[in-house]
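Peer 1: with the input below, show me the fold.
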Amino acid sequence: MKILLLTFLCMSARFAIAQETAGPFVFHESFGSDFDAKRFLTPIPNQNTEVREGVLWTHGSSGGKYPPMVYLPVEGKDLSIRFRYRHLGVGGMLWFFVDGEDGFGSEDHMLRVKLLREGVQLEVDGHSKDEKHPLRQNLRPADKVSGAYRLNEFFAVEKVDLTRNEWREVTLSFEGEQVAVSVDGSLWSRTLKRANFNAGKRKLLWMQNGGEEGIELDEIHVVAVPTHP
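Peer 2: Next up is the predicted model:
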């Protein structure tokens, strides 16, 4: 009964998104006076995150295994994604996840952009029914819905100086099996091609470890570009 209820709620949420957009998915949030927290999956405000001075501010510890997170539902395959972030303290990191269809009937991580203070690291998360696949995530069981195993493809950290506490703009542009990722345009960029990038995107996730001073997010733009046959 719980599973059926959860499925119904998920379907209802997606239908509501489709109704609100009346076409390809479009999302823009500048965290101004008209901010609508219901557009996010994460309750806002909460113990770690709130809108403060026109930006989304996340600070402190979640008290759990992972740093504080903010989730946003999305819909589409060829997504254009853009947002700004700024550290307010020393050290820390921001991980940005794109989640989507795993190709076997469930949803999971697809791409992780790890924005470290000393560089950028990418991780592609694919999926397979082969429990002996060489890229299978160690000790992680198969997905309970799809029976697929998560595959981890890690890339080396590319050295980029992100130590200054200033606004950085991150962009991702998915087109078919390809994604172009950049930080501040010419500062750093990388283009990857993987078959799983052509799947439907369902959720964006910001995992933030910014200490007590925190990390700010602003100007989130997501647009689904119509996919042509």
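
Peer 1: tell me where the protein has helices.
Peer 2: Along the chain, counting by DSSP state H, helices occupy 2-21.

Peer 1: shaky segments in it?
Peer 2: Within the chain, the stretches with pLDDT under 70 are 1-22, 227-229.

Peer 1: mind running it again at 90?
Peer 2: 1-23, 139, 226-229 (pLDDT under 90).

Peer 1: so who does the nearest residue to residue 149 once chain neighbours are set aside touch?
Peer 2: Spatial nearest neighbour of residue 149, excluding adjacent residues (CB to CB, 6 or more residues apart in numbering): residue 136 at 4.8 Å. Bear in mind the C-beta positions are built from the backbone N, C-alpha and C, glycine included. Contacts here follow CB atoms under 8 Å, 6 or more residues apart in numbering; on that basis residue 136 touches 128, 130, 149, 150, 151, 152.

Peer 1: ditto for residue 157
Peer 2: Contacts for residue 157 (CB under 8 Å, 6+ apart) come out as 114, 116, 118, 119, 120, 121.

Peer 1: which two in the residues you listed are spaced the farthest apart?
Peer 2: Within these, 114 and 118 form the most distant pair, 11.0 Å apart (CB to CB).

Peer 1: hang on, the earlier thing: if I look at the residue nearest to residue 149, how far off is residue 129?
Peer 2: Note on residue 136: its distance to residue 129, by CB to CB, to the nearest Å, is 11 Å.

Peer 1: before we move on, what about residue 113?
Peer 2: Using CB to CB, we find residue 113 at a distance of 27 Å from residue 129.

Peer 1: for the two, indicate the residue with more neighbours.
Peer 2: When residue 113 and residue 129 are compared for neighbours, residue 113 comes out ahead with 20 against 12, by other CB atoms under 10 Å.

Peer 1: and for the closest residue to that one other than its chain neighbours, the neighbour number?
Peer 2: What sits nearest to residue 113 in space, not counting adjacent residues and going by CB to CB, 6+ apart, is residue 96, at 4.5 Å. When counting by other CB under 10 Å, one arrives at 21 neighbours for residue 96.

Peer 1: so how far is residue 144 from residue 96?
Peer 2: Using CB to CB, residue 96 is found at 26 Å from residue 144.

Peer 1: cool, residue 121 as well?
Peer 2: Distance of residue 121 to residue 144, given as CB to CB: 29 Å.

Peer 1: same check, this time on residue 56
Peer 2: Here residue 56 is placed at a distance of 32 Å from residue 144 (CB to CB).

Peer 1: the two: which has the busier surroundings?
Peer 2: residue 56 (27 against 8).

Peer 1: how far away is the more buried one from residue 150?
Peer 2: Distance, residue 56 to residue 150, by CB to CB: 28 Å.

Peer 1: likewise for residue 44?
Peer 2: 28 Å.

Peer 1: wait, residue 224 sits on residue 173?
Peer 2: No: contact criterion CB atoms under 8 Å: residue 224 and residue 173 do not qualify, at 11.7 Å.

Peer 1: mutual contacts of the two, please.
Peer 2: Common neighbours of residue 224 and residue 173 (criterion: CB under 8 Å, 6+ apart): 79, 80.

Peer 1: between those two, who's got more neighbours?
Peer 2: Ranked by neighbour count (other CB under 10 Å), residue 224 and residue 173 place residue 224 first, with 21 against 17.

Peer 1: and the residue lying closest to that one once chain neighbours are set aside, how far from residue 114?
Peer 2: The shortest distance from residue 224 to any non-neighbouring residue, by CB to CB, 6+ apart, is to residue 76 (2.8 Å). Going from residue 76 to residue 114 by CB to CB gives 24 Å.

Peer 1: alright, that wraps it up for me.
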